[in-house]
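Asks: Here is a sequence together with a model predicted from it:
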Amino acid sequence: MENISVQRRMLLRTAAAGAVMATVGGCGGGGGGGSSSATAPAAAPPVTPPVVQPSTTVAFTGVSVHDPSVIKAAETYYVFGSHLAAARSTDWMNWTRIADGVNAGNPLFNNVTAALSEALAWAQADTLWAPDVARLDDGKFYMYYCACKGDSPRSALGLAVADKVDGPYVNKQLLLKSGMWGEASPDGTVYDATKHPNVVDPNVFRDNGGKLWMVYGSYSGGIFIMEMNPATGLQKPAQGYGRHLMGGNHARIEGAYILYSPDSKYYYLFVSFGGLDANGGYNIRVSRSLNPDGPYVDGAGTDMATVKANPALPLFDDASIAPHGQKLMGNHQYVLASGETGTALGYVSPGHNSAYYDVAAGKYFLVFHARFPGQGEAHEVRVHEMFINVDGWPVVAPFRYVPLSKNAITLSADVSAADAAGIYKVINHGKDISAVIKQSQVVTLAAGGAVSGAIAGNWSHLGGNKVSIVSTDGTAYNGVLSRQWNTNGNAFEVTFTVQSKAGVSLWGARMGN
């Protein structure tokens, strides 16, 4: 049985309501000269006044929404998360809380405990876990909600409907149940938690042909997918629990989310490995498929349906799953460089993400919650830009998203080879699942193409902001250069994000730009 209620109940709901402000300014100057000769002194040259650059101000307003699932309505982004928390933003940076708490006062429902009493009673729970909201064919908003007992996979997954994205939602019906020990499950066999899902953490998405799907699951038998009816929001009949995609034997894998890329033509299945609390080693991984319902594979070609815990090892075995999937990020912290100020940036147990593709801008975004070094279980929503590398894998920008338009002086999105050469703080995210916080190390990308410091080898600019780093052991890391806002440096800095075929990601932030 799964003993994860303690982690779930440790979620803190306190929002960081204050804005974090950062400013950067620069100035230059001229000087005068004189002569010491015996002849009459030359006239002093005119003094050039200091050139004062416009100041750049970047503001963030944080919010605590655990397991944030994103949807855009009109020109506003909404995130919905566990404990019926929700928030909105128009810029990915500043968030306003609109709901929190499974109680009669939550505006997303008219008395949610009464409205969803069937789910709460089945799950023997007093709270809700990670939901997802989708807009379907009738223009209405459909919330896929779930409740779980916590110390076992006894869960219920249901559907509620609203005319507006912020509710109020009206319950429609339950879709799935799990944890019925000794009883028949939806596929007709006796429920077995090692191979059947815990019916939580839903994500509903459309494939490139317009079909509707729901991916879901946590620990227990793993991640599953079902085809849905876009007219009703319900699952199509005779699917049981659907198709198994990943996990099993209580492997710590959850928080599935699928995003299609029109650039690569792949469907990307994001999941979180490990435990969600500050000591759990939560980290975000991705696999891909040409089909919405899989099979999904990692860079080594491993079918993720085969990635599960070893039943011969202790419960929640991480060792068996750690080598698999492309690890996008985990615990890390940058070491402050000369001239940088404030608390050193970094994340602890980042995970349970959603993702968004902005068609008009052609940009990808990763939306997730994160804890922070030395701050216990406090958490906030974070948004990072993503890119697709030359190998067709998503790579994540090293710092939270701030558009270049925020800079007081126009900055080009193009990063040349000359721009990229320099000294970097580099995070090696590795492939482990652990509470260790990886510290940045110094790496130099020399103008001639050499790489030295914590990584040795060569690098090359591939054009179009694409970059490749090849270490001396022959490992190639392919990715993207960009300019990202470094709060500690109060400036946009050149960064790189690269990934190897084995699924190891490196993040670099240039120092002294």
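Replies: Received it, and whenever you're ready, just let me know what you need.

Asks: Compute the distance between A238 and G188, please.
Replies: Distance check for A238 against G188: by Cβ to Cβ, to the nearest Å, it reads 10 Å. In short, each C-beta sits where N, CA and C put it, glycine included.

Asks: Buried ones in the lengthiest strand in the chain, by neighbour count?
Replies: Assignment by DSSP state E gives strand 346-358 as the longest strand of the chain. Using 16 or more other Cβ atoms under 10 Å as the test for burial, strand 346-358 gives 346-356.

Asks: The residues you listed into a markdown table, with extra columns for pLDDT?
Replies: As requested, the buried residues of strand 346-358 are exported to a markdown table (pLDDT from 0 to 100):
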| residue | pLDDT |
| --- | --- |
| G346 | 98 |
| Y347 | 98 |
| V348 | 98 |
| S349 | 98 |
| P350 | 98 |
| G351 | 98 |
| H352 | 98 |
| N353 | 98 |
| S354 | 98 |
| A355 | 98 |
| Y356 | 98 |
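
Asks: nearest to P394, of those?
Replies: Here the nearest of those to P394, counting by Cβ to Cβ, is A355; it sits at 8.2 Å.

Asks: The closest residue to that closest one other than its chain neighbours pairs with what?
Replies: Spatial nearest neighbour of A355, excluding adjacent residues (Cβ to Cβ, 6 or more residues apart in numbering): L259 at 4.2 Å. Per DSSP bridges, residues listed as beta-bridge partners of L259: Y268.

Asks: Settle this for me: L259 is touching N203, isn't it.
Replies: No: judged on Cβ atoms under 8 Å, L259 makes no contact with N203 at a distance of 9.3 Å.

Asks: before we move on, the earlier item: now the longest strand of the chain, how far from the centre of its chain.
Replies: Put simply, strand 346-358 sits 1 Å off its chain's centre (Cα atoms, centre = their mean, to the nearest Å).

Asks: Please state the offset of the helix or strand following that strand from the chain centre?
Replies: Going down the chain from strand 346-358, the next helix or strand is strand 363-371, by DSSP states H and E. For strand 363-371, the distance from its own C-alpha centre to the chain's C-alpha centre is 3 Å (Cα atoms, centre = their mean).

Asks: Now strand 363-371: buried residues?
Replies: 364-371.

Asks: export the residues you listed to a markdown table and tack on pLDDT?
Replies: Output for these, formatted as a markdown table (pLDDT from 0 to 100):
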| residue | pLDDT |
| --- | --- |
| Y364 | 98 |
| F365 | 98 |
| L366 | 99 |
| V367 | 99 |
| F368 | 99 |
| H369 | 98 |
| A370 | 98 |
| R371 | 98 |
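
Asks: remind me which residues of the chain are low pLDDT?
Replies: Within the chain, the segments meeting pLDDT under 70 span 1-54, 513.

Asks: after the longest helix along it, next one along is what?
Replies: Across the chain, the longest stretch assigned as helix under DSSP state H is helix 117-123. Downstream of helix 117-123, the next assigned helix or strand under DSSP H and E is strand 132-135.

Asks: Sheet-wise, list the partners of that following strand with their directions.
Replies: Strand 132-135 has the following strand partners under DSSP bridges: strand 141-148 (antiparallel).

Asks: So A408 is in contact with S55, correct?
Replies: Yes: with contact defined as Cβ under 8 Å, A408 and S55 form a contacting pair (6.0 Å).

Asks: between these two, who's got more neighbours?
Replies: Shown here are A408 and S55; by other Cβ atoms under 10 Å, A408 has more neighbours (14 against 11).

Asks: Are we agreed that the more buried one is in a strand?
Replies: No: counting by DSSP: H, G, I helix; E, B strand; the rest coil, A408 is not part of a strand but coil.

Asks: that older thread, same list, the buried residues of strand 346-358, but as JSON lines with distance to V383 please.
Replies: Putting the buried residues of strand 346-358 into JSON lines (distance: Cβ to Cβ, whole Å) gives the following:
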{"residue": "G346", "distance to V383": "16"}
{"residue": "Y347", "distance to V383": "13"}
{"residue": "V348", "distance to V383": "17"}
{"residue": "S349", "distance to V383": "17"}
{"residue": "P350", "distance to V383": "12"}
{"residue": "G351", "distance to V383": "14"}
{"residue": "H352", "distance to V383": "14"}
{"residue": "N353", "distance to V383": "10"}
{"residue": "S354", "distance to V383": "10"}
{"residue": "A355", "distance to V383": "10"}
{"residue": "Y356", "distance to V383": "9"}
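
Asks: count of neighbours near D138?
Replies: 13.

Asks: Please apply the same query to G240.
Replies: So G240, with other Cβ under 10 Å, has 15 neighbours.

Asks: P403 now?
Replies: 16.

Asks: if I look at it, how far off is V58?
Replies: 10 Å.
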